[in-house]
Every structure is written in C-alpha cells, then in structure tokens.
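Novice: just coords:
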C-alpha cells in the first residue's frame with residue numbers, strides 16, 4: 001500500500017513554464033480587483049454573509065505572490081484560484097490556458113461517513129482488472145483513508161462554501177483534475193483499497209492515472225477583441241440578435257457546455273446527465289424514445305398512475321420546449337401527479353427556465369424573482385441597443401422579427417416588448433441617477449410568468465433536488481416553492497443566486513478569463529438565493545443502503561410522498 005501523502009503527490013515539482021515577473025502578476029491582481037468593484041453584484045452581501053473584504057483578500061493574494069521564491073505560473077494560478085474561491089460563490093471562478101489533466105475511470109459518492117463506487121467505466125476497467133462493482137465501498141486512496149482525502153480536496157480546491165455541495169464536488173474531483181481549473185494534477189500509480197459487498201476483507205488494486213501532460217511550454221499574450229459594435233446603428237435589430245443580449249446565463253462555472261446533447265458516457269452521476277441515477281419508480285406504462293430530448297415515462301404504483309421527467313440542465317430553446325409541452329399535455333391527461341428530477345443540474349438560461357415554469361403552473365401567472373444589477377457602460381449600451389431595435393414595433397410579427405420566434409422557448413408578445421422597454425428605461429434612469437448597483441427589478445421586465453400556450457401541467461408536482469443543483473437549478477425550485485406549486489424532496493440546493501458575466505483580457509499569465517456574478521436575486525420573502533439556496537419541504541439524502549441497493553429507500557420515499565400529495 002502506498003504511504004504517500006496526497007499533499008506530497010500534489011506538490012511534486014511541476015514543469016516550470018515561462019512566466020512573467022511578480023510585478024506583472026501584481027498588476028493583474030489590481031486589474032482583477034477593479035473588475036470586481038465594477039461588475040461583482042453580491043460584493044456587499046458577501047461582506048455581510050461571509051466576511052469577504054475585497055481589499056483584505058487581494059492583500060492576502062499579494063502577500064502570497066511576494067512570498068514566492070521565484071515567479072511560477074502554476075503557483076500563481078493556484079493563488080488566483082484561491083482568491084476567487086474566497087468569495088464563496090459558485091458563479092465566480094477563473095480558468096487558464098493549460099492542457100495538463102488526469103483522470104481515473106470511476107466515480108464515488110459518500111453517505112454516513114462511508115464512500116461507495118457509483119460509476120465504473122468498464123471499457124477502461126474490466127472486472128478482471130478492477131474487481132469492484134457499483135455499490136462496493138472504497139476505503140483507502142493512495143495509502144490514506146478516503147474520508148481524509150476527500151476532506152483535504154474540499155478544503156484545498158473548493159474554498160469551503162456550502163459544505164454538502166463542496167463535498168459532492170470534492171468527490172468528483174477525486175478522479176478528475178484539470179490544470180485549466182487551477183487544480184493540482186497528479187500522475188503515476190495510485191493504489192485503491194476497497195471492500196466488495198459480502199467480502200470479509202479489503203482488496204487492493206493499483207491503477208495508473210490517465211495523464212495528459214502540459215504541452216504549453218511558454219505563454220504569449222493572448223489578444224481577445226471586444227465584439228465589433230461599429231455597425232450596430234446601421235442595423236440595430238440585427239445587433240440585438242448577434243450580440244445575444246438576452247442570453248443571461250445562470251450556470252455553474254465548473255460545467256462544460258459541450259456536455260449538452262451527449263450521453264456523458266452513461267455516467268448517471270455526471271452534472272447534466274440526460275438520465276439520472278434515480279431508479280425506475282414503478283411499472284412503466286409509457287416512456288419517451290431513447291433519442292428524445294427528455295427522459296420521461298409514466299408508471300403505476302399503489303394503483304395510481306404518475307409521470308416522471310428528467311430536467312438535466314436549463315440550456316434549452318424552442319425544440320426542447322416543444323417536446324416538453326407535448327409531454328406535459330400527455331401527462332395532464334394520463335397521470336395524477338408528476339415527479340420532476342433535476343438533481344445534479346448545472347443551470348442554464350433564464351428564458352428557458354421561465355418557459356419550463358410556464359408549462360408547469362397551475363395559476364394564471366407566477367411571479368419571477370427580482371434582481372439587483374451591477375451597471376456599467378456595457379449594460380447601458382445594451383439598454384440603448386434594445387430600445388433602438390424595438391422602436392416602432394407595434395405587432396407580434398414585428399416583435400418576432402426582432403427577437404425571434406421565442407426567447408429560449410418563452411413566447412413573444414406585445415406585452416413582452418412593453419416590459420422590455422420598461423426594463424431598458426429603468427436601466428437608463430438608474431444610470432442617470434448615478435446608481436451602479438440598482439434597485440431590485442425583474443430581468444428584462446418579465447415580472448410574471450404566464451401559462452405556456454403549447455401545453456401545461458396543473459396537477460401535483462414533486463420536485464427532486466440535491467446539493468449539485470446550481471444557479472437556474474436554484475431558481476427553478478425557488479419559483480415553484482414560492483408559488484406553492486411543488487413539494488420539494490431532497491437536500492438544499494447549492495445557492496448560486498444571479499446571472500453570470502465573463503471577463504477576457506490580453507495577458508501573458510495564461511489566464512483564459514474569469515466569471516463573476518452580475519446580479520443578486522431575491523425571492524418573494526426578500527431573501528437572497530445566493531449562498532442560501534432552496535431548502536426542501538421534505539429532507540432526504542441518499543443513504544449507505546441506497547448506494548448498495550440501487551437507491552431503493554430513496555425510490556420508496558418518492559412513492560410515499562407522491563401518495564401523500566395527490
């Protein structure tokens with residue numbers, strides 16, 4: 001059994017990359033500080049909630065840079081990543097130009113102080129080479145108790161934000177590291193000690209990290225140009241489409257957008273996986289085709305008929321909404337209640353989120369959350385551009401010419417146009433008053449979500465949540481809970497409460513860019529979603545028994561709750 005410390009493994013001498021001087025690093029930190037002051041909406045909230053003081057945290061990062069014996073990009077990246085982690089914000093993060101990464105072809109999850117294999121890629125790890133199966137327990141990782149390793153990863157890599165969310169992310173990080181995220185990347189052999197169900201003694205297996213080396217030997221300045229705004233006044237309507245003003249994303253910074261539309265290698269525990277680890281809940285009567293967008297089915301339990309649909313993420317548009325509404329119309333006719341599974345949801349687009357809520361409301365309208373925005377000239381430019389594009393629009397056909405048939409599946413109407421104009425004028429008025437942090441307002445003026453014209457489900461809804469529900473995955477349960485539309489079963493969501501803004505700038509420190517939270521949203525009770533997340537109505541966390549018995553207790557809890565709410 002290897003006795004190496006994980007810390008020692010992570011801190012093995014790294015390839016020295018051509019790096020700028022300490023002065024350049026310090027100048028960049030000062031630039032980052034300025035961007036935070038201009039664009040980071042939750043700054044005051046973070047001081048109140050987490051004691052985050054921008055000057056103090058920048059000062060600590062400056063001290064760490066001065067303490068470096070000589071400039072080293074990998075060490076600088078880790079310092080920068082730690083600074084962003086100090087915000088305790090799942091929207092905030094920095095990424096780097098780096099190719100080094102490593103992985104092991106399995107995934108684990110923990111419960112009750114124990115950890116279990118929940119996914120094993122048998123193409124890479126056949127049973128003859130890796131005798132463990134899903135549900136077996138992992139005890140040691142590289143010579144150390146697995147619980148100790150996970151806790152160390154949580155503290156070193158994630159910044160101690162929401163405990164259960166950080167723990168779940170650390171479990172994922174155990175077998176998947178990327179230098180592009182500022183993570184230390186291991187290589188070489190690693191010993192896994194586990195115990196099979198029913199076995200009397202542990203068993204050890206040595207694996208080799210799947211390691212991809214750093215190929216960028218030196219870093220040249222990366223020049224990124226701002227969007228070309230030179231011709232927008234010649235065609236303001238086309239500008240609104242090309243500049244994508246309405247793509248206010250609410251998305252976990254660590255998720256890879258390339259996951260949309262792929263099978264994620266059949267790993268049902270991956271963020272955004274089309275099919276989740278929730279087992280089939282009863283005798284299936286109907287199910288959606290395997291090539292459909294949504295995993296959905298109807299089933300019977302205790303002589304009742306229910307529906308189930310998986311919402312893996314909120315990165316959808318018209319095609320997704322057409323299919324979703326079609327399924328909702330069918331469920332409305334054939335079921336007594338609906339299970340919505342949004343566990344491990346990385347978030348997505350605000351208008352697609354609103355579209356889904358519109359297809360689920362049992363009321364004429366549902367109130368949308370309000371946001372307080374950080375304003376700068378970019379936001380003012382956006383407001384002016386939209387107003388110019390909407391000038392003279394007096395018919396729905398003209399509105400669709402400007403905005404498209406829908407916004408993320410959300411229907412376009414003249415009322416939508418009026419609300420957007422009001423929002424843009426609000427931005428301009430706040431700016432004229434010298435306010436860079438606005439009063440609470442509804443994004444793009446959409447204050448109430450009305451029933452979707454393509455289909456609607458009005459019967460009882462049971463929504464499943466967990467700590468890996470981020471951003472739009474926070475907003476969706478918040479809106480359903482605040483409107484008393486759904487019963488929520490599971491654990492607290494992550495608490496990423498606003499939309500995301502990005503910053504890219506020329507540099508030779510291999511920084512690809514960073515993301516900040518551009519707004520801070522509040523629920524009907526005025527509480528922020530940021531850091532607080534959404535508490536379930538009925539708390540349930542998968543148990544050790546669940547991991548070893550195909551989540552049978554979890555499934556029974558879902559059925560029992562369905563029978564209570566119908």
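Specialist: Sure thing, it's come through. This structure is a prediction, so every number in the text was calculated from the model and none was measured.

Novice: What pairs with the host helix or strand of residue 139, parallel or antiparallel?
Specialist: Element membership for residue 139 (DSSP states H and E) is strand 137-141. Within its sheet, and counting by DSSP bridges, strand 137-141 is paired with strand 114-120 (antiparallel), strand 144-145 (antiparallel), strand 189-195 (antiparallel).

Novice: Pick the most buried one from those strands.
Specialist: strand 114-120 (a mean of 20; mean count of other Cβ atoms under 10 Å). Where C-beta positions appear, they are placed from N, C-alpha and C, glycine not excepted.

Novice: Residues in contact with that strand: which ones?
Specialist: The contact list for strand 114-120 (Cβ atoms under 8 Å, 6 or more residues apart in numbering) reads 105-110, 130, 132-138, 146-147, 150, 171, 194, 267-269, 277, 544, 547-548.

Novice: nearest to residue 73, of the strands paired with strand 137-141?
Specialist: Checking the strands paired with strand 137-141 against residue 73 by Cβ to Cβ gives strand 189-195 as the closest, at 25.5 Å.

Novice: neighbouring contacts of the closest one?
Specialist: 1-2, 104, 117, 132, 136-143, 201-209.

Novice: Would you mind checking the contacts of strand 114-120 for buried ones?
Specialist: Buried members of those, scored by 16 or more other Cβ atoms under 10 Å, are 105-110, 130, 132, 135-138, 146, 150, 171, 194, 267-269, 277, 544, 547-548.

Novice: if you look at those residues, which of them are in strands?
Specialist: Applying DSSP state E to the buried ones among the contacts of strand 114-120, the entries found in strands are 106, 107, 108, 109, 110, 137, 138, 194.

Novice: out of the residues you listed, who's nearest residue 46?
Specialist: The closest of those, once distances to residue 46 are taken by Cβ to Cβ, is residue 110, at 28.4 Å.

Novice: is it true that residue 162 touches residue 533?
Specialist: Yes - Residue 162 is within contact range of residue 533, at 6.9 Å (criterion: Cβ atoms under 8 Å).

Novice: Quickly list what's touching both of these two.
Specialist: Shared contacts of residue 162 and residue 533 (Cβ under 8 Å, 6+ apart): 492, 494, 495.

Novice: tell me the secondary structure for the last one?
Specialist: For residue 495, the assignment made with DSSP: H, G, I helix; E, B strand; the rest coil gives coil.

Novice: How about it: what's its closest non-neighbour residue?
Specialist: residue 533 (3.5 Å; Cβ to Cβ, 6 or more residues apart in numbering).

Novice: The one you found: neighbour count?
Specialist: Residue 533 has 26 neighbours, counted by other Cβ atoms under 10 Å.

Novice: As a quick check, tell me the outermost residue of this structure.
Specialist: residue 200 (40.4 Å; Cα atoms, centre = their mean).

Novice: Now stretch 43-54: average pLDDT?
Specialist: For stretch 43-54, the per-residue pLDDT values average out at 96.

Novice: State the distance from residue 424 to residue 441.
Specialist: For residue 424, the distance to residue 441 equals 11 Å [Cβ to Cβ, to the nearest Å].

Novice: ugh, wrong one, residue 336
Specialist: Separation of residue 336 from residue 441 (Cβ to Cβ) stands at 39 Å.

Novice: Just want to know which of the two has more residues nearby.
Specialist: residue 441 (18 against 15).

Novice: what residues are up against the more buried one?
Specialist: Residues in contact with residue 441, defined by Cβ under 8 Å, 6+ apart, are 370, 371, 372, 373, 423, 426.

Novice: doesn't residue 522 make contact with the first one?
Specialist: Yes - with contact defined as Cβ under 8 Å, residue 370 and residue 522 form a contacting pair (5.5 Å).

Novice: what residues do those two have in common as contacts?
Specialist: Residues touching both residue 370 and residue 522 (Cβ under 8 Å, 6+ apart) are residue 440.

Novice: Pop the domain breakdown of this structure in here.
Specialist: Domain assignment for the chain by automatic domain parsing gives 14-88, 100-212, 254-368+452-497+528-565.

Novice: closest to residue 512 out of these?
Specialist: Proximity to residue 512 (Cβ to Cβ) singles out domain 100-212 among these, at 7.2 Å.

Novice: first to last residue in that closest one, what's the distance?
Specialist: One end of domain 100-212 to the other measures 5 Å (Cα to Cα, to the nearest Å).

Novice: now it: how far from the chain's centre is it?
Specialist: With Cα atoms, centre = their mean, to the nearest Å as the basis, domain 100-212 stands 22 Å off its chain's centre.

Novice: ok, now how distant is residue 136 from residue 205?
Specialist: In this view, residue 136 and residue 205 are 11 Å apart by Cβ to Cβ.

Novice: Strands of the stretch 451-566 of the chain, residue ranges please.
Specialist: Assigned by DSSP state E, counting those that start in this stretch, the strands in the stretch 451-566 of the chain fall at 461-465, 486-490, 500-503, 511-517, 519-522, 538-539.

Novice: Could you tell me which residues within the fourth one count as buried?
Specialist: Within strand 511-517, the residues that qualify as buried are 511, 513, 514, 515, 516, 517, counting by 16+ other Cβ under 10 Å.

Novice: again, but for the third one
Specialist: For strand 500-503, the buried set under the neighbour-count rule, 16+ other Cβ under 10 Å, comprises 500, 501, 503.

Novice: I figured the last one hits residue 514, correct?
Specialist: Yes - in terms of Cβ under 8 Å, residue 503 counts as a neighbour of residue 514; the distance is 5.5 Å.

Novice: hey, what's in contact with both of those two?
Specialist: residue 35.

Novice: Got phi/psi on the residue nearest to residue 271 when sequence neighbours are not counted?
Specialist: Closest residue in space to residue 271, ignoring its immediate chain neighbours: residue 346 at 4.7 Å, by Cβ to Cβ, 6+ apart. Main-chain torsions, residue 346, degrees, to the nearest 10: phi -80, psi -10.

Novice: Give me the below-cutoff pLDDT ranges for the stretch 451-566 of the chain.
Specialist: Along the stretch 451-566 of the chain, no part satisfies pLDDT under 70.

Novice: Then the stretch 251-400 of the chain?
Specialist: Using pLDDT under 70, the stretch 251-400 of the chain drops low at 256-265.

Novice: the helices in the stretch 201-350 of the chain, which residues?
Specialist: Counting by DSSP state H, counting those that start in this stretch, one finds helices in the stretch 201-350 of the chain at the ranges 236-242, 318-334, 350-358.

Novice: Residue 85: what's it in contact with?
Specialist: 93, 158, 159, 161.

Novice: now residue 554
Specialist: Residue 554 neighbours (Cβ under 8 Å, 6+ apart): 278, 279, 540, 542, 543, 546.

Novice: So it versus residue 493, what's the distance?
Specialist: 17 Å.

Novice: swap in residue 206?
Specialist: Residue 206 is 38 Å from residue 493, where distance means Cβ to Cβ.

Novice: before we move on, what about residue 202?
Specialist: From residue 202 to residue 493 the distance is 36 Å (Cβ to Cβ).

Novice: quick one on the thing from earlier: nearest to residue 255 among the shared contacts of residue 162 and residue 533?
Specialist: The closest of these, once distances to residue 255 are taken by Cβ to Cβ, is residue 494, at 11.7 Å.

Novice: May I ask you to confirm that the closest one is in contact with residue 162?
Specialist: Yes - contact criterion Cβ under 8 Å: residue 494 and residue 162 qualify, at 5.9 Å.

Novice: For the buried ones among the contacts of residue 441, write the corresponding ChimeraX selection.
Specialist: Those of the contacts of residue 441 that count as buried under 16+ other Cβ under 10 Å are selected in ChimeraX with:
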select :370,371,372,373,423,426
